[in-house]
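Asks: have a look; sequence and predicted model below, questions after that.
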Amino acid sequence: CFCKGLVLTHVNVKAGERIRVKGKVAPDAKSFALNLGRAGSDLLLHFNPRFDCHGDTRIIVCNSLSGGEWGEELREAEFPFQQGEETKPCRTEVMVKLPGDQEIKFPNRLGLEAVQFLSVEGDFGVKSIKFD
Ligand SMILES: C=CCO[C@@H]1O[C@H](CO)[C@@H](O[C@@H]2O[C@H](CO)[C@H](O)[C@H](OCc3cn(-c4n[nH]c(N)n4)nn3)[C@H]2O)[C@H](O)[C@H]1NC(C)=O
């Protein structure tokens, strides 16, 4: 379901700042993921829309990864993927703004003050990433 994509390190995004990722979902997409955290093994947010993967069909799976151990999955049945998306990490929780006006709030389980690591994996072609 995945192919390795983009990895950014030392991005230093602080609470309340915004990362806007725009791109195109592959026409035959199975799954893609946006990962935010301290490093690949310590993720504040693994944001994983699944079109058809791991037995899931059109479900968004969110999770955290601490020391390489997955936390408890949060699953969102709303699946509004037609265009790019916005992500706004903040101190108490991570808010993911989806296409349209829907949002997913995910707890900041790692209590990170800032995010150093951003990666994009799977069937998603990144066109732009903006930090503001
Ligand atoms: C029902 C059986 C046991 O539960 C399943 O357990 C799977 C394995 O833990 C869960 O999938 C993982 O879910 C994680 C989020 O909770 C991640 O999405 C994990 O994939 C992370 C990943 C894979 N890859 C990757 N694979 N291959 C490559 N090149 N990269 N990169 N990142 C997935 O393999 C999957 O979400 C979970 N399903 C349920 C319904 O709980």
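Replies: Yep, it's here. Numbers count the residues shown, from 1 in each chain.
Asks: name the nearest residue to Arg38, sequence neighbours excluded.
Replies: Spatial nearest neighbour of Arg38, excluding adjacent residues (C-beta to C-beta, 6 or more residues apart in numbering): Gln116 at 5.6 Å. Where C-beta positions appear, they are placed from N, C-alpha and C, glycine not excepted.
Asks: packing partners for the helix or strand hosting Ala33?
Replies: Secondary structure assignment for Ala33, by DSSP states H and E: strand 32-39. Under the contact criterion of 3 or more C-beta pairs under 8 Å, 6 or more residues apart in numbering; DSSP states H and E, strand 32-39 touches strand 19-25, strand 42-53, strand 85-89, strand 114-115, strand 117-122.
Asks: mean pLDDT for these - can I get that in TSV?
Replies: Shown next, in TSV, are the helices and strands packed on strand 32-39 (pLDDT from 0 to 100):
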stretch	mean pLDDT
strand 19-25	82
strand 42-53	93
strand 85-89	39
strand 114-115	86
strand 117-122	92
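Asks: of the ones you listed, flag the one that's most buried.
Replies: Comparing the helices and strands packed on strand 32-39 by mean neighbour count (mean count of other C-beta atoms under 10 Å), strand 42-53 ranks first with a mean of 22.
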